[in-house]
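# no FASTA, just this:
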């Protein structure tokens, strides 16, 4: 590596309190671990250090912006791993019962759709997007009642 890492780590050590505060602030309200998030933030700060310029703003502002970037990336990565569509703004604290139920339901739907045929995936999509009966008939060749029964059978094949 041709560039020196010393100034990068000096920056991290110099702004350790700001990094901790940004981690607490940005990581709260998510299912992300504080330690994991802080580690990812430090790695990101070291890798993108050359993008920071003291002329453009305070170090704390840049650290908070990088923390938001890391949060978005980690949330999207966790979604990619489950295959269940979810916005990073929808992640709620684990203590909330409704969010835990919702996450379990999404995971179960993801597992069911993994083994589904393409027609069944389209049927599920039509239900989620609330297609009108005419579009369901045109695209799937069945009524909305038959579509719902098809999806119920798919869910019962556990």
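Arrived safely, thanks for sending. It should be emphasised that the depicted structure is a prediction, and the values quoted were computed from it without experimental measurement.
# could you pull out the helices for the protein?
Under the criterion DSSP state H, the chain contains helices at 6-14, 16-27, 34-47, 59-82, 97-114, 118-128, 133-140, 144-156.
# quick one, which of those is nearest to residue 53?
helix 59-82 (8.6 Å; Cβ to Cβ). The C-beta positions use only the backbone N, C-alpha and C, and glycine is treated the same way.
# And the closest one, how far out from the chain middle?
9 Å (Cα atoms, centre = their mean, to the nearest Å).
# mind listing what's buried in that helix?
Buried positions in helix 59-82, judged by neighbour count with 16 or more other Cβ atoms under 10 Å: 62, 63, 64, 66, 67, 70, 71, 74, 75, 78, 79.
# Now for residue 6, how many residues are close by?
With neighbours defined by other Cβ atoms under 10 Å, the count for residue 6 comes to 8.
# where's it relative to residue 13, distance?
10 Å (Cβ to Cβ, to the nearest Å).
# what about residue 37, how many neighbours?
When neighbours are defined as other Cβ under 10 Å, residue 37 has 20 of them.
# if we can go back for a sec, now the helices of the chain as JSON lines including mean pLDDT and distance to residue 53?
As requested, the helices of the chain are exported to JSON lines (pLDDT from 0 to 100; distance: least, Cβ to Cβ, whole Å):
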{"stretch": "helix 6-14", "mean pLDDT": "88", "distance to residue 53": "12"}
{"stretch": "helix 16-27", "mean pLDDT": "91", "distance to residue 53": "17"}
{"stretch": "helix 34-47", "mean pLDDT": "90", "distance to residue 53": "14"}
{"stretch": "helix 59-82", "mean pLDDT": "84", "distance to residue 53": "9"}
{"stretch": "helix 97-114", "mean pLDDT": "67", "distance to residue 53": "39"}
{"stretch": "helix 118-128", "mean pLDDT": "77", "distance to residue 53": "45"}
{"stretch": "helix 133-140", "mean pLDDT": "86", "distance to residue 53": "52"}
{"stretch": "helix 144-156", "mean pLDDT": "79", "distance to residue 53": "54"}
